[in-house]
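Q: model the following, please.
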Amino acid sequence: MLNRRRFLTLAALAPLVTGCRGGFKFLGYDVGAGALYDENIKTVYVPLFNNRAFQTTPYRGFEVDVTQAVIREIGKTTTFRVTSDYTRADTELLGNIVSITKTIQNVNQLNFLREGEVQVIVEVVWRNLNTGEILSNPRQRPGRAVPNPLIDAPPPPFDPNVPLPPEVKPPDQPRPVRLLATGRMIPELGETNASASQRVHQQIAVQIVSMMEKKW
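A: Numbering: from 1, shown residues only. Next up, the predicted model:
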């Protein structure tokens, strides 16, 4: 009897042990990544991020490391698959590094760096290639505009013999999402520009993947 209870307990905990990247149902609710990301989106095209920041050593090629970190985080966390084929992708993720700033926060008695920080600002646009919808744009709050009698004319009377004109929806205009990531460096603890940059890469990747979750 004890072995049977242990077996049932392990069977119930199996989805938690094996991970929930694909998602599963528990008590009628969706659990895991499947509940957080749009099931209609399968693939994401991620080109190399653009770098508009002033590039100096050791931050040359910073956009390559950021792009790789984002691709790894998408594959690890979401249900999406990153593809290199633009023509077959469902969505496109565009990134632009705006600025890279290194600040000195503290120095020692010899005027050597004791504590510093790397700050990176990134702008991101996520677009649906099938519909043209900008998925990263903030959702418009539902509301009813107050009609202006000087501008809004009353609608014409309905005539069944005259078909209604098709509703033309203007294409979405991208409004880039601006993200800020920081990385600390303390040389006395063995932290360098490289370790601070790695923290920045990971923070940017996590923030972008969080942005790709379904809007509630």
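Q: what about the strands in the protein?
A: For the chain, strands defined by DSSP state E occupy the ranges 24-26, 29-31, 43-45, 50-51, 81-83, 91-107, 113-128, 177-185.
Q: so can I have a markdown table of those showing mean pLDDT?
A: Converted to a markdown table, the strands of the chain look like this (pLDDT from 0 to 100):
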| stretch | mean pLDDT |
| --- | --- |
| strand 24-26 | 52 |
| strand 29-31 | 52 |
| strand 43-45 | 97 |
| strand 50-51 | 94 |
| strand 81-83 | 96 |
| strand 91-107 | 94 |
| strand 113-128 | 94 |
| strand 177-185 | 95 |
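Q: columns mean neighbour count and distance to Gly61 on top of those strands, output as a markdown table?
A: Placement of C-beta: from N, CA and C, glycine included. As requested, those are exported to a markdown table (neighbours: other CB atoms under 10 Å; distance: least, CB to CB, whole Å):
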| stretch | mean neighbour count | distance to Gly61 |
| --- | --- | --- |
| strand 24-26 | 13 | 40 |
| strand 29-31 | 12 | 39 |
| strand 43-45 | 19 | 21 |
| strand 50-51 | 16 | 8 |
| strand 81-83 | 15 | 20 |
| strand 91-107 | 16 | 11 |
| strand 113-128 | 19 | 14 |
| strand 177-185 | 17 | 16 |
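Q: can I get those strands in a markdown table including distance to Gly75?
A: Shown next, in a markdown table, are those (distance: least, CB to CB, whole Å):
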| stretch | distance to Gly75 |
| --- | --- |
| strand 24-26 | 19 |
| strand 29-31 | 20 |
| strand 43-45 | 10 |
| strand 50-51 | 22 |
| strand 81-83 | 6 |
| strand 91-107 | 13 |
| strand 113-128 | 16 |
| strand 177-185 | 20 |
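Q: looking at those, which is nearest to Thr67?
A: Closest to Thr67 of the strands of the chain, according to CB to CB: strand 91-107, at 7.1 Å.
Q: please name the strands paired to the closest one in the sheet, noting orientation.
A: Looking at strand 91-107 with DSSP bridges, its partner strands are strand 43-45 (parallel), strand 50-51 (parallel), strand 113-128 (antiparallel).
Q: okay if I get the ones you listed as JSON lines plus distance to Val206?
A: JSON lines is the format used below for the strands paired with strand 91-107 (distance: least, CB to CB, whole Å):
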{"stretch": "strand 43-45", "distance to Val206": "16"}
{"stretch": "strand 50-51", "distance to Val206": "20"}
{"stretch": "strand 113-128", "distance to Val206": "12"}
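Q: which one of the ones you listed lies nearest to Thr192?
A: Closest among the strands paired with strand 91-107, once you apply CB to CB, is strand 113-128, at 9.9 Å.
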